[in-house]
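*Asks:* From the sequence below, what's the structure:
(6 chains)
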6 protein chains.
Amino acid sequence: MSTERFDRGWERLKEINSEAGERITETLREIAPDLAKYTIEFPFGDIYSRPGLDLKSREIVTVAALTALGNAIPQLKSHINAALNVGCTKEEIVEIIMQMAVYAGFPAALNGMYAAKEVFRERDLSK
Amino acid sequence: MSTERFDRGWERLKEINSEAGERITETLREIAPDLAKYTIEFPFGDIYSRPGLDLKSREIVTVAALTALGNAIPQLKSHINAALNVGCTKEEIVEIIMQMAVYAGFPAALNGMYAAKEVFRERDLSK
Amino acid sequence: MSTERFDRGWERLKEINSEAGERITETLREIAPDLAKYTIEFPFGDIYSRPGLDLKSREIVTVAALTALGNAIPQLKSHINAALNVGCTKEEIVEIIMQMAVYAGFPAALNGMYAAKEVFRERDLSK
Amino acid sequence: MSTERFDRGWERLKEINSEAGERITETLREIAPDLAKYTIEFPFGDIYSRPGLDLKSREIVTVAALTALGNAIPQLKSHINAALNVGCTKEEIVEIIMQMAVYAGFPAALNGMYAAKEVFRERDLSK
Amino acid sequence: MSTERFDRGWERLKEINSEAGERITETLREIAPDLAKYTIEFPFGDIYSRPGLDLKSREIVTVAALTALGNAIPQLKSHINAALNVGCTKEEIVEIIMQMAVYAGFPAALNGMYAAKEVFRERDLSK
Amino acid sequence: MSTERFDRGWERLKEINSEAGERITETLREIAPDLAKYTIEFPFGDIYSRPGLDLKSREIVTVAALTALGNAIPQLKSHINAALNVGCTKEEIVEIIMQMAVYAGFPAALNGMYAAKEVFRERDLSK
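*Replies:* Have a look, this model is predicted:
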């Protein structure tokens, strides 16, 4: 039951983090396939497909928000990967997360940095 | 009782939002002058003065985080001003805040957008 | 630039809280009309239009969540109105908010109850 | 040192989730037995024993709040079990959690849904 | 419909902040008198009446938590008053709030300090 | 590249929790050594080194805040250890965490208590 928004979102998500879309779809297949569909459609089909902010900036925004909120480490790791995939450097990601010490406190920044460390290591291993 | 970090932070903050530094210092003068000092030193003297992420990206990061956290509207308005001062367009700020609907929910994004609307109007009036 | 999802969402929102849709659209008209559109489309056109949970239960869910999160009082007031419009009694709303003392603490419950008190009074006055 | 409130709360909790009361009491026996007592007395002896909102609605309220807050996954799982025990269907739980994407963002909804998936599987296995 | 817990809580609250109990009771009289009762009974009749932590430390704990959470400014102001009433100095309150910059970020600390400033001024005026 | 603030912070942190400083420094050595440096300098060199609040009260403040925030369990455990190291009793820590049920809800207090239980057991084992 594909739609234009879904297809656009799927293309966008593949560009950003090709595994993430399949993992979410697979995980939610039985319990809540519509949530997987919405997760492709609204965030990626609507928002990440908008002009007005380049894809790298969009991932900077998301890494910042998820580090600050501090309650969604798996999604933070997924978007650290996405940020690296669309042109952020590791140094920039480190800077974004470090800056969160100012706005959400040191524990949030430290836990974000530990997530980044894991992502960087996984990527180094899979090279 | 100035220090190198304080001076560097003060310069940085003047570049970003010249009023904010004076307002914080003035407001905290009697009750907690050291908190004003730390607010200049650590966020602006240490973090915003680092290389590795340009100033515009730093403000994008902060607008995203404060919109997502949703409990610091005065500081969000101050950083929307700062973001505009260092080269963000209104359109980019609108995009950053809109994207927060995905990560922190629609109420957080709506309240962030209302803050942006007030800032944009104040700037238009003071032209 | 209406769509099927938008039209369905608009109908749904009118059923729930006829003023809210127009207020959001009006407030965001110049700054971010697309956020108004998304706020109609995804929450109301997609989610609130789903079968599987009746409209009254959906508003119970939202009043609970916004009281617990505690950082979106205007939206909480809007959904207390919506809950009353779709068949919740004042007593049920009081119970929902009171229960939040257990999960989000007494200040969140108290602030939620003060919001309910204002909504109840406004409705009594406008009778 | 039983009291009327404690006894009423214990009965109520047994009705909702017979294991949870014993697990909390056992876990806190040495470190903080009074916190176990209060957890039976206030939430279950006072709040869940009130008329004015049926038990199923009370569990809907709690699943919504814990999904939105996002920082208490073990308690969320316990209340998904409780909700099923007092008459919620799996489909309703899926709808409640999905709706939280609107108010607390997609990561909160996704993490809530993963918790529900684990609970559903554990219940299927123990049949 | 007084109880031993209520009476003990009321005495405790009068000792801490004599106005707060009456204000909460008055405000909730019509909408949710039971929430007022619970707010006296559990926090003050059960928790603040426990041995094991002196009253001044209990208020230090609460001022810290409410500053960090950042979404209950009226309750924070009430407990800054309470802390002063049970022997905290203004200097200690300033230190507690300032320390929150480390754990919840600078905006939370700044907003807590602005609340303290208002409380200190109100107390100076009413002398 | 040691500084006076760093040295003072390191001494202070060693006094509070001798392992924590080395663990943070080691963990961040490659990815973000500056964040380790800032974590010593600002929290411990600036804040915990201030007069005006004794060290035991500072740890009470931090245990309260981290329990209430609920999204930094590793840091909470570290500060429960620190609190015990600077003179808090286990009973006081239990009281602090229990009180958070009032301000951040029962799940936050329960999860804080489970963290305390683990810390107490680890310390008993390592005796």
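*Asks:* count of neighbours near A:Ser78?
*Replies:* The number of residues packed near A:Ser78 is 22, by other Cβ atoms under 10 Å in any protein chain shown. Where C-beta positions appear, they are placed from N, C-alpha and C, glycine not excepted.
*Asks:* and if you look at A:Tyr38?
*Replies:* Using other Cβ under 10 Å, A:Tyr38 is surrounded by 24 other residues.
*Asks:* Which neighbouring elements make contact with the helix or strand it falls within?
*Replies:* Using DSSP states H and E, A:Tyr38 maps to helix A:33-39. With contacts taken as 3 or more Cβ pairs under 8 Å, 6 or more residues apart in numbering or on different chains; DSSP states H and E, helix A:33-39 sits against helix A:4-28, helix D:90-104, helix D:106-125.
*Asks:* by contact count, what packs against the shortest one?
*Replies:* Identification of packing neighbours for helix D:90-104 by 3+ Cβ pairs under 8 Å, 6+ apart yields helix A:33-39, helix B:106-125, helix C:55-69, helix D:55-69, helix D:73-85, helix D:106-125.
*Asks:* repeat that for 7 Å
*Replies:* helix B:106-125, helix C:55-69, helix D:55-69, helix D:106-125 (3 or more Cβ pairs under 7 Å, 6 or more residues apart in numbering or on different chains; DSSP states H and E).
*Asks:* Okay, buried residues for the first one please.
*Replies:* Buried residues in helix B:106-125, defined by neighbour count with 16 or more other Cβ atoms under 10 Å in any protein chain shown: B:106-117, B:119-120.
*Asks:* Ok, the second one next?
*Replies:* In terms of neighbour count (16+ other Cβ under 10 Å), helix C:55-69 has its buried residues at C:55, C:57-69.
*Asks:* and the helices and strands packed on helix D:90-104 as TSV, adding mean pLDDT?
*Replies:* What follows is these, written out as TSV (pLDDT from 0 to 100):
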stretch	mean pLDDT
helix B:106-125	97
helix C:55-69	98
helix D:55-69	98
helix D:106-125	97
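*Asks:* among these, which is nearest chain F?
*Replies:* Closest to chain F of the helices and strands packed on helix D:90-104 is helix D:55-69 (Cβ to the nearest Cβ; 6.8 Å).
*Asks:* Quick check: A:Ala104 touching A:Asn71?
*Replies:* No. Using Cβ atoms under 7 Å, A:Ala104 makes no contact with A:Asn71, being 11.1 Å away.
*Asks:* Which residue lies closest in space to the single nearest residue of chain A relative to chain C, excluding its sequence neighbours?
*Replies:* Distances between chain A and chain C by Cβ to the nearest Cβ are smallest at A:Phe42, namely 5.1 Å. Spatial nearest neighbour of A:Phe42, chain neighbours left out: C:Phe42 (5.1 Å); criterion: Cβ to Cβ, 6 or more residues apart in numbering or on different chains.
*Asks:* In TSV, list the helices and strands packed on helix A:33-39 along with distance to F:Ala83.
*Replies:* Listed next are those as TSV, based on distance: least, Cβ to Cβ, whole Å:
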stretch	distance to F:Ala83
helix A:4-28	39
helix D:90-104	32
helix D:106-125	30
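*Asks:* So which of the buried residues of helix B:106-125 reach chain C?
*Replies:* Counting by Cβ under 7 Å from any Cβ of the partner chain, B:Phe106, B:Pro107, B:Ala108, B:Ala109, B:Leu110, B:Asn111, B:Met113, B:Tyr114, B:Ala116, B:Lys117, B:Phe120 from these sit close to chain C.
*Asks:* C:Ile60 versus the third one, what's the distance?
*Replies:* When Cβ to Cβ, to the nearest Å is the yardstick, B:Ala108 and C:Ile60 sit 21 Å from each other.
*Asks:* what do you get for the fourth one?
*Replies:* Using Cβ to Cβ, we find B:Ala109 at a distance of 23 Å from C:Ile60.
*Asks:* now the fifth one
*Replies:* According to Cβ to Cβ, B:Leu110 stands 21 Å off from C:Ile60.
*Asks:* Over to the second one?
*Replies:* Look at B:Pro107 and C:Ile60: by Cβ to Cβ, they are 17 Å apart.
*Asks:* So between A:Ala104 and A:Asn71, which is more surrounded?
*Replies:* Neighbours were counted for A:Ala104 and for A:Asn71 using other Cβ under 10 Å; A:Ala104 has more, 31 against 21.
*Asks:* So for that one, what pLDDT did the model give?
*Replies:* A:Ala104 carries a pLDDT value of 98.
*Asks:* Run through the residues that contact it.
*Replies:* By Cβ atoms under 7 Å, 6 or more residues apart in numbering or on different chains, A:Ala104 lies in contact with A:Ala68, A:Gly70, B:Ala65, B:Leu69, E:Gly105.
*Asks:* if you set the cut-off to 10 Å instead, what comes out?
*Replies:* For A:Ala104, the contacting residues are A:64-65, A:67-70, A:111-112, B:65-66, B:68-69, E:103-108, F:69, F:71-72, by Cβ atoms under 10 Å, 6 or more residues apart in numbering or on different chains.
*Asks:* same question, A:Leu55
*Replies:* A:Arg12, A:Glu15, A:Ile16, A:Tyr48, A:Ser49, A:Ala82, A:Ala83, A:Asn85, A:Val86, A:Gly87, A:Cys88 are the contacts of A:Leu55 under Cβ under 10 Å, 6+ apart.
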